[in-house]
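> Need coordinates for the below:
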Amino acid sequence: MILCRTIAELKNELIQIKKSNDNATIGLVPTMGFLHEGHASLMRQSVSENTASVLSIFVNPMQFGPNEDFERYPRDEARDLAIAKENGIDIVFMPDVEEMYPSKPRTSVIVSQLTDRLCGASRPGHFDGVGLVVSKLFHLVQPDRAYFGMKDAQQLAVIQQMTDDLNIPVEIVPCPIVREPDGLALSSRNVYLSAEQRQQAVVLSQSLTLSKDWVKEKDITPQELLARVKAKINEASQADIDYVEWLTYPSLELPALNEPIAVQSGKFILALAVKFGSTRLIDNALFVPTTEVNDHV
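Reported below is the predicted structural model:
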């Protein structure tokens with residue numbers, strides 16, 4: 001495994017891969033580090049589907065708001081490199097902020113409408129920063145495939161839209177949410193939770209699991225479903241709901257909330273964001289009415 005800290009080093013290693021195999025395919029797994037099994041599952045899928053796999057580790061300041069946790073975002077370089085090596089990564093690209101942004105960027109990559117709801121509404125400018133850094137990584141690595149977890153379902157939809165709109169020649173590969181044995185979705189931010197908050201946070205996955213049965217009720221509407229999910233989450237005394245929304249996916253549009261789910265067509269997402277203390281967790285489930293529900297919970 002090769003560690004590249006500069007763009008020049010990265011480009012040189014990619015050139016060598018292409019020189020050694022004209023038909024080589026490159027997989028990219030973009031991360032902000034502090035890796036866990038969710039990231040590892042993306043790495044393994046990339047390794048299984050490509051000639052070489054690149055893992056990027058970069059805590060991107062452009063996607064953090066002024067009151068968010070950029071400085072305290074967890075970092076563990078040695079552990080991350082060990083996990084990358086264990087999972088077969090060929091190149092780790094780990095630049096510092098000055099390497100990625102030698103001067104303040106004057107370019108934004110804005111995906112409209114898809115960013116108006118969910119995390120985009122509560123974190124203004126967040127997805128502009130995501131779009132910019134992912135666009136930079138796509139141009140630097142020029143991967144054939146890029147791997148993203150479904151836990152950040154809005155991010156995945158935004159990146160797919162950006163890729164389509166700009167005709168970027170990369171296949172976006174969605175990967176299932178990876179969970180702890182008790183159901184909590186893996187996240188680098190889980191380390192911020194106190195013992196009590198960690199225990200209560202399982203209410204997110206529990207509410208999604210219950211929703212799989214609730215949507216099968218003949219006359220239930222999205223409005224009633226959302227009310228039940230909120231009531232379940234509020235059973236946790238430390239839960240502070242940011243949003244609970246039912247939207248089309250991946251277009252993230254608001255459907256008819258008073259129309260029975262059973263008569264609606266297409267794919268939908270039930271998306272949650274809930275704070276426990278200062279730690280904000282997200283989770284989601286995908287649904288296709290009238291068919292067996294959801295392979296991501």
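
> Could I get the phi/psi values of residue 241?
Main-chain dihedrals, residue 241, degrees, to the nearest 10: phi -70, psi 130.

> And the residue nearest to it when sequence neighbours are not counted, how far from residue 122?
Leaving aside its chain neighbours, residue 241 sits nearest to residue 274 (5.4 Å; criterion: Cβ to Cβ, 6 or more residues apart in numbering). Quick note: C-beta positions are derived from backbone N, CA and C, even for glycine. Note on residue 274: its distance to residue 122, by Cβ to Cβ, to the nearest Å, is 11 Å.

> Comparing these two, which shows the higher neighbour count?
Between residue 274 and residue 122, counting by other Cβ atoms under 10 Å, residue 274 is the more crowded of the two (25 against 13).

> Report the buried residues of the strand or helix carrying that one.
Element membership for residue 274 (DSSP states H and E) is strand 268-276. Buried residues in strand 268-276, counted by 16 or more other Cβ atoms under 10 Å: 268-274, 276.

> do the same with stretch 75-86
80-81, 83-84.

> ditto for stretch 64-77
Residues 64, 73 are the ones in stretch 64-77 that count as buried (16+ other Cβ under 10 Å).

> for stretch 108-125, same thing?
109, 111, 114-115, 117-120, 123, 125.

> Check the gap between residue 55 and residue 43 for me.
6 Å.

> Neighbour count: the two, which is higher?
Higher neighbour count among residue 55 and residue 43: residue 55, with 29 against 22, using other Cβ under 10 Å.

> mind listing what the more buried one touches?
Shown in contact with residue 55 (Cβ atoms under 8 Å, 6 or more residues apart in numbering): 29, 31, 43, 84, 89, 91-93.

> Paired strands for the strand or helix carrying it, with orientation please.
Residue 55 belongs to strand 52-57 when elements are defined using DSSP H and E. Taking DSSP bridges as the criterion, strand 52-57 forms sheet pairs with strand 26-31 (parallel), strand 91-93 (parallel).

> now those in CSV, with mean neighbour count, distance to residue 15 and mean pLDDT?
Output for those, formatted as CSV (neighbours: other Cβ atoms under 10 Å; distance: least, Cβ to Cβ, whole Å; pLDDT from 0 to 100):
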stretch, mean neighbour count, distance to residue 15, mean pLDDT
strand 26-31, 26, 12, 98
strand 91-93, 24, 12, 98
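
> Can I take it that residue 174 is in a strand?
Yes: assessed by DSSP: H, G, I helix; E, B strand; the rest coil, residue 174 belongs to a strand.

> Now do the helix or strand residue 12 falls within against strand 26-31, angle only.
Per DSSP H and E, residue 12 falls inside helix 7-20. If you take axes from the mean of the first three to the mean of the last three Cα atoms, to 10 degrees, helix 7-20 sits at 150 degrees to strand 26-31.

> So which elements touch helix 7-20?
strand 2-4, strand 52-57, strand 91-93, helix 126-141 (3 or more Cβ pairs under 8 Å, 6 or more residues apart in numbering; DSSP states H and E).

> okay, now the residue lying closest to residue 100 once chain neighbours are set aside: neighbour count?
Nearest non-adjacent residue to residue 100, counting by Cβ to Cβ, 6+ apart: residue 58, 6.3 Å away. A total of 19 residues lie near residue 58 under the criterion other Cβ under 10 Å.

> how about residue 58, what does it touch?
Per Cβ under 8 Å, 6+ apart, neighbours of residue 58: 30-33, 93-95, 100, 133.
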